[in-house]
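Asker: how does the following fold in three dimensions:
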Amino acid sequence: MSETPTRESLLEANAAFYHAFEALDMKAMAALWEESDRVFCVHPGWQALHGREAVISSWRNIMINTGRIRFTLTNLRAHIDGLVGTVTLYENIQSIAGGQRHTASTIATNLFSFDEEQGLWLLFHHHASLAAVPESSEIVN
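Answerer: Here you go, the predicted model:
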């Protein structure tokens, strides 16, 4: 937890999102999302999902149907404007779903709000779309 919003704490919150996803940990995933009407998510190839209930339900369905998923995150960019943090990045994904191996590259935007009472960043928007990987990629662990 951080008393003020920092780039480091924003990147830690972003990393926590991907760690929860890789661990297929629904409880951790749900804890990362803001409890508000502005929660919004677009998974690659899906319709837009509005509202916390629909978004959390989508993550539950993804996790139930995923045997394993791993991310290599590249080209991370983080920006803070007041109490809103934006992280853009490439998600290089390897997964097993339905007993089959899959690989994909997406470009994602994650928007966070800083909850001053709790001293932490909470997601309110995730949008990932299929994309070509740029030739020059910085790998971030």
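Asker: hmm, which helix or strand of the protein has the shakiest average pLDDT?
Answerer: Lowest mean confidence among the helices and strands of the chain (mean pLDDT, DSSP states H and E): strand 139-140, at a mean of 53.
Asker: show me the residues around N65 that make contact.
Answerer: Counting by CB atoms under 8 Å, 6 or more residues apart in numbering, N65 touches A97, G98. Placement of C-beta: from N, CA and C, glycine included.
Asker: from G119, how far off is the residue nearest the centre of the chain?
Answerer: In the chain, the C-alpha nearest the mean C-alpha coordinate belongs to F17, at 5.0 Å (CA atoms, centre = their mean). The spacing between F17 and G119, counted by CB to CB, to the nearest Å, is 17 Å.
Asker: show me the helices in the protein, by range?
Answerer: 7-22, 26-31, 52-64 (DSSP state H).
Asker: so what touches the first one?
Answerer: For helix 7-22, contacts defined as CB under 8 Å, 6+ apart pick out 2, 28-29, 32, 59, 63, 69-71, 73, 76, 78, 80, 85, 87, 89, 91, 110, 112, 120-123, 126.
Asker: what's the neighbour count on the residue lying closest to V55 once chain neighbours are set aside?
Answerer: Using CB to CB, 6 or more residues apart in numbering and skipping the chain neighbours, the partner closest in space to V55 is C41 (4.4 Å). C41: 22 surrounding residues under other CB atoms under 10 Å.
Asker: how about the one 4 residues further on?
Answerer: Around G45 sit 8 other residues, with neighbours defined as other CB under 10 Å.
Asker: just name the most buried of the helices of the chain.
Answerer: helix 7-22 (a mean of 18; mean count of other CB atoms under 10 Å).
Asker: distance from the chain centre to that helix, please.
Answerer: Taking CA atoms, centre = their mean, to the nearest Å, one finds helix 7-22 lying 8 Å from the centre of the chain it belongs to.
Asker: coming back round to it: report the beta-bridge partner residues of the residue nearest to V55.
Answerer: Taking DSSP bridges, one finds L49, H126 as the beta-bridge partners of C41.
Asker: in stretch 65-74, which residues are buried?
Answerer: T66, I69, F71, T72, L73, T74 (16 or more other CB atoms under 10 Å).
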